[in-house]
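Q: Okay, sequence plus prediction incoming.
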Amino acid sequence: MMLQRPHDYFVTGTDTEIGKTLVSSALLLALAQQGFSTLGMKPVAAGADLIDGVWHNEDVDALMAAASVRAAPELVAPYLMQTPAAPHIVAELENLQISGAHIQTCYQALTQQADAVIVEGVGGFCVPLNADIDTADMAQTLGLPVILVVGMRLGCINHALLTVQAIAARGLKLAGWVANTVDDTMLYPDQNLAALRARIDAPLLGQIPRLATPTAQAAAGFLNLEFLTH
Ligand SMILES: Nc1ncnc2c1ncn2[C@@H]1O[C@H](COP(=O)(O)OP(=O)(O)OP(=O)(O)O)[C@@H](O)[C@H]1O
Ligand SMILES: C[C@H](N)[C@H](N)CCCCCC(=O)O
Ligand SMILES: [Mg+2]
């Protein structure tokens, strides 16, 4: 059995497009500020553009830019698919067999190259990867503590609490959560945050406002990893 690495985490979210990549990139910077070498991983990426003959995915590029060391793109993003849609559908269309064992092999190779590896999921916690496994299985296979990004908008309380239940049901530890402002016109933002704080038994690692320029640096300024548990 592999020894638990103290600074590796699996980042999931309440939905797609709610700030997982922004927070993962910010975590990479915040951990580097603490003196750790860092790498990001996006095992399953759906949506890519051909630039100068190379397929690029925005999340993968962002995670590689925020990492403190460079790793081979095929380890950082072992399954990079062209179409921005549900991964199990795209994988089938692109004739890709997504394998949890291969993802684990790539993750283990990355652990040889950095003190901290931050793995970003795809979409929410229970997104299928093929007929047999979903992202929750991937987190379980990697055995990593989970950081939950809650996209703060109306409806997020239910999504967050269901995700917390699903993480616990997989026997995984919720190491912390981040409140990321998706909709800054949401009514009663403080009360929504309080409702989540009262119900999520894990530290709140930061509250990120709607940023005019959503860079990893700007987001990292709103994170406090002091209470991050493993
Ligand atoms: N706090 C914020 N302020 C301003 N823009 C934000 C904020 N959080 C996220 N965004 C923007 O919203 C978009 C979605 O964020 P991000 O890519 O991090 O989501 P995601 O959860 O990783 O999505 P996916 O499911 O596609 O991986 C990006 O354009 C990002 O820059
Ligand atoms: C393309 C997008 N940005 C994500 N990478 C994939 C999101 C899949 C969501 C599937 C679902 O829950 O319905
Ligand atoms: Mg992302």
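A: Arrived safely, thanks for sending. Ligands and ions are numbered 1, 2, ... in the order given.

Q: what pairs with W177 across the strands?
A: Beta-bridge partners recorded for W177 (DSSP bridges): L148, L204.

Q: From what I see, it and I147 are in contact.
A: Yes: with contact defined as C-beta atoms under 8 Å, W177 and I147 form a contacting pair (6.7 Å). All C-beta spots, glycine's among them, are computed from the backbone N, C-alpha and C.

Q: overlap in contacts of the two?
A: When contacts are counted by C-beta atoms under 8 Å, 6 or more residues apart in numbering, W177 and I147 have L205 as shared neighbours.

Q: how close does Q4 get to L144?
A: With distances defined as C-beta to C-beta, to the nearest Å, the gap from Q4 to L144 amounts to 9 Å.

Q: List, one by one, the residues from the chain near ligand 2.
A: 16, 46-47, 84-86, 122-124, 127 (C-beta under 6 Å from any ligand atom).

Q: which one among those residues gets closest to ligand 1?
A: Checking the residues of the chain next to ligand 2 against ligand 1 with C-beta to the nearest ligand atom, the nearest one is T16 at 3.4 Å.

Q: what sits against the closest one?
A: T16 sits next to 122-124 when contact means C-beta under 8 Å, 6+ apart.

Q: Give me the three-state assignment for it.
A: coil (DSSP: H, G, I helix; E, B strand; the rest coil).

Q: now A175
A: Under the three-state scheme (three-state DSSP), A175 adopts strand.

Q: Burial check on the closest residue to it other than its chain neighbours, number of neighbours?
A: Distances taken as C-beta to C-beta, 6 or more residues apart in numbering put P145 closest to A175, at 3.8 Å, once the chain neighbours are dropped. Each residue near P145 was counted by other C-beta atoms under 10 Å, and the total is 20.

Q: More neighbours: which of Q4 and L144?
A: L144 (23 against 11).

Q: May I ask you to confirm that the more buried one is in contact with T12?
A: No: at 10.2 Å, L144 and T12 do not qualify as touching, with contact defined as C-beta under 8 Å.

Q: next one: phi and psi at M152?
A: The main-chain torsion angles of M152 are listed as degrees, to the nearest 10 and equal phi -70, psi 100.

Q: Over to D49?
A: D49 adopts backbone torsions of phi -120, psi 140, taken as degrees, to the nearest 10.

Q: Wait, it touches W55, no?
A: Yes: with contact taken as C-beta under 8 Å, D49 and W55 are classed as touching, separated by 7.3 Å.

Q: quick one, which of those two is more surrounded?
A: With other C-beta under 10 Å as the criterion, D49 and W55 differ in neighbour count, and W55 comes out ahead with 15 against 12.

Q: Right, I'll leave it there.
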